[in-house]
Every structure is written in C-alpha cells, then in structure tokens.
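Colleague: sequence plus predicted model, see below.
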Amino acid sequence: MAAMSTLETPRLLLRRWQIADQEPFATLNGDPETMKFFLQPLNRSESDSLIERYEKHFEEQGFGMWALQSKKTRDLIGATGLLRVTFAAHFTPTVNIGWRLARQHWGNGYATEAAVEALRFGFEKLNLPEIVAFTLPQNTSSRGVMERLGMTHNPNDDFDHPKVPQWHPMVRHVLYRVKNDSNLA
Ligand SMILES: CC(C)(COP(=O)(O)OP(=O)(O)OC[C@H]1O[C@@H](n2cnc3c(N)ncnc32)[C@H](O)[C@@H]1OP(=O)(O)O)[C@@H](O)C(=O)NCCC(=O)NCCS
C-alpha cells in the first residue's frame, strides 16, 4: 500500500478529513445547485457518513478523496481525489478521479489544480495503469476539468450507471480516461 501523505499545490492542501470539516462539507453537500447532477443533495448525517466513507477508503487503500483546503484562508474548499469504482461495468475494475467544490470557490482553477496532483499521485505512487472519470453528459463544468486534465472521451464508453434506476433521467453517463503515460503539467 502506498504511504499516504498530504499533497500540496501552489494554492491548496489535499489532506485527510478533520471534525471541523463536517459543517462546511455539509453546507456544500446540501446546496441544490452544487448537487444538481447528483440524485439529491445530502443532509448533515449523509454528508458526515460520506466523510467516514472517504476516511475508511484511505485506511483500506492508502488513498482516497482528499479534503481540499485553501493555504491562504485555511477554508475547506471541497473534495478531490481517487476512489476505487465499487460497481461492475465494461471499464472496471478501475480507479475514478472526482471533485466537488463549494459554489463560492468555482471559477478559480482549484479543481483542476488539485486533480493534477491527485493524478500524479495515482500514476507515480500507486502505479495505476489508467484513471477514469464519469459524469452526466450535461455536467459541462466537470467535463471541462476532465478535458483540462487531458482526459479523453470516446462515445463508445458511455454507459448506464448501475446504481441509478434504469428509468431515471440521470442514468446515462459519459466516461473519460487517462493513461499512465501522459505528460502531466
Ligand atoms: C465540477 C467543478 C468542481 C468545476 O469547478 P471549476 O472551478 O469550474 O473548475 P476548475 O478548477 O477547472 O476551474 C476552471 C475555471 O476557473 C477559471 N480560472 C480562474 N482563475 C484560474 C487560475 N488561476 N487557474 C486556472 N483556472 C482559473 C478558468 O478560466 C475556468 O473558468 P470557466 O469555467 O469560466 O472557463 C464544480 O463546478 C463543482 O463542484 N460542481 C458541482 C459538483 C460536481 O458536479 N462535481 C462533479 C461530479 S462528476
């Protein structure tokens, strides 16, 4: 298992979760605009459980979704990191990169800045052969991050998410991939 450490970018710390993160993370997860491409916003206890899930993933895997903290203000900005995909699909088993930022922090390049370091960790420390990302086709902000990272989308990879009911309008997902031979910024 790769030794887990805090990652750092020019403006951000990617670190393990703390009790003080619960409240700002619940505010983020309860915001309908931030959560409009998820099945529903989360209440406080669901948000706290998500932090517990992230922490369990770190304990078991040595990597996970990091808490993103501003080095300048110390504010919790959101989450970015790597999670093993827990469902079966044509591209699994694999590791997924994801991001979720509080609305007031969008439009500053923070998600991409953090994700570059998370990808680097996945490739250089974990030696993953490939990392994927997926979202709803209409989530252009998230697809923008994927494209800035150099991830590529093949429409033949689009899939119905097995954890979303088949009848649900959010069932269809686009998949992006990046291989471990990429030149990272
Ligand atoms: C997806 C999400 C993380 C993207 O956040 P973001 O801030 O747009 O993404 P980036 O960090 O890549 O920032 C890029 C933007 O910052 C701008 N920017 C400003 N200063 C910058 C800087 N110093 N460096 C880089 N970009 C900068 C870019 O121009 C770009 O703006 P634009 O979108 O108007 O063109 C955010 O919209 C979000 O949290 N959404 C809700 C949760 C969600 O859907 N998560 C994904 C589920 S799959």
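Modeller: Structure's in. What do you need?
Colleague: and the spatially closest residue to M151 that is not a sequence neighbour, what element?
Modeller: With sequence-adjacent residues excluded and distances taken as C-beta to C-beta, 6 or more residues apart in numbering, M151 is closest to Y176, at 3.8 Å. From N, CA and C alone the C-beta is placed, and that goes for glycine too. Per DSSP states H and E: Y176 is located in strand 172-179.
Colleague: now that strand, how far from the centre of its chain.
Modeller: Here strand 172-179 is found 13 Å from its chain centre; the criterion is C-alpha atoms, centre = their mean, to the nearest Å.
Colleague: any idea of the mean pLDDT in the longest helix seen in the chain?
Modeller: Counting residues, the longest helix found in the chain (DSSP state H) is helix 44-61. Mean pLDDT, helix 44-61: 97.
Colleague: contact partners of it?
Modeller: Residues from elsewhere that reach helix 44-61 (C-beta atoms under 8 Å, 6 or more residues apart in numbering): 1, 4, 16-17, 21-22, 25-26, 28-30, 42, 63-65, 79, 81, 83-84.
Colleague: out of these, which sit inside helices?
Modeller: Per DSSP H, these map to helices at 22, 25-26, 28-29.
Colleague: tally of neighbours for the nearest residue to G81 once chain neighbours are set aside?
Modeller: Spatial nearest neighbour of G81, excluding adjacent residues (C-beta to C-beta, 6+ apart): M65 at 3.8 Å. Burial measure for M65: 26 neighbouring residues, criterion other C-beta atoms under 10 Å.
Colleague: what about M65, distance to the ligand?
Modeller: M65 is 11 Å from the ligand, where distance means C-beta to the nearest ligand atom, to the nearest Å.
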